[in-house]
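Student: Below are the sequence and a predicted model for it; my questions follow.
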Amino acid sequence: MTQSTLVLGGAASGKSAWAEAFLENDGRPMVYLATGRILDDEVAQKVAVHKKRRDARWRTIEAPLDLAPALAGVTGDECVLIDCATMWLSNHMMEGSDLVPAREALLTALRGCAAPWVIVSNEVGHGIVPDNALARQFREAQGRLNIALAQEAALVVQVTAGLPMVLKGHLP
């Protein structure tokens, strides 16, 4: 398995299911780092769908803001899925965090992770320019985060309609 993988895609593109299947094919114990916060019924239903797809081989750790301790706690005998960078970024924006140090801390934690990692992230740059400042700030921050993650990853895959297209590297 590739040591570092970024899986990009639009909302409901199949990126999380693809990333899960990618890790399940590896055969190692799997760690799921969940970044989402359940703030309403719609999110709760989406989380339930994600949980239902994962069986007992997955160990789940809730990490909505600080991924570094969770990444430091996995071993080289495991593989880790972070789902997703977009929720992680949203959480930081809602908290009023300084995004540049938060992003750098995440990148440092990924570099130091003993396990192969896969991080899922939304591609938000294909739509129209948002009509409000906060949405434009988010789109810009997400774009910068995706660029940094793509530079860090050995494999970058874009998933559209459940189908993977390799943008960087090679599928094992």
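Tutor: Sure, I can see it.

Student: alpha carbons only for contacts and neighbour counts from here, please
Tutor: Fine.

Student: in stretch 103-118, what counts as buried?
Tutor: Within stretch 103-118, the residues scored as buried using 16 or more other C-alpha atoms under 10 Å are 103, 106-107, 109-110, 113-118.

Student: CSV for the residues you listed, including pLDDT?
Tutor: What follows is the buried residues of stretch 103-118, written out as CSV (pLDDT from 0 to 100):
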residue, pLDDT
Arg103, 97
Leu106, 98
Leu107, 98
Ala109, 97
Leu110, 98
Cys113, 97
Ala114, 96
Ala115, 97
Pro116, 97
Trp117, 98
Val118, 98
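
Student: So which of the residues you listed belong to strands?
Tutor: Mapping the buried residues of stretch 103-118 onto strands (DSSP state E) picks out 117-118.

Student: Please flag which of the buried residues of stretch 103-118 sit within helices.
Tutor: Mapping these onto helices (DSSP state H) picks out 103, 106-107, 109-110.

Student: In terms of secondary structure, what does the longest helix belonging to the chain contact?
Tutor: For the chain, the longest helix by residue count, based on DSSP H, is helix 133-152. Packed against helix 133-152, as judged by 3 or more C-alpha pairs under 8 Å, 6 or more residues apart in numbering; DSSP states H and E, are the following elements: strand 4-9, helix 85-95, helix 99-112.

Student: That one vs helix 85-95, what angle?
Tutor: Between helix 133-152 and helix 85-95, the angle comes out at 140 degrees (axes from the mean of the first three to the mean of the last three C-alpha atoms, to 10 degrees).

Student: Might you quantify the distance of the helix or strand just after helix 133-152 from its chain's geometric centre?
Tutor: Of the helices and strands lying after helix 133-152 in sequence (DSSP states H and E), the nearest is strand 155-160. Centroid separation between strand 155-160 and its chain, computed with C-alpha atoms, centre = their mean, to the nearest Å, is 12 Å.

Student: so what strands line up beside strand 155-160?
Tutor: strand 4-9 (parallel), strand 163-168 (antiparallel) (DSSP bridges).

Student: Mind listing what's buried along the last one?
Tutor: By neighbour count with 16+ other C-alpha under 10 Å, strand 163-168 contains the buried residues 164, 168.

Student: Quick check: mean pLDDT of it?
Tutor: Mean per-residue pLDDT for strand 163-168: 98.
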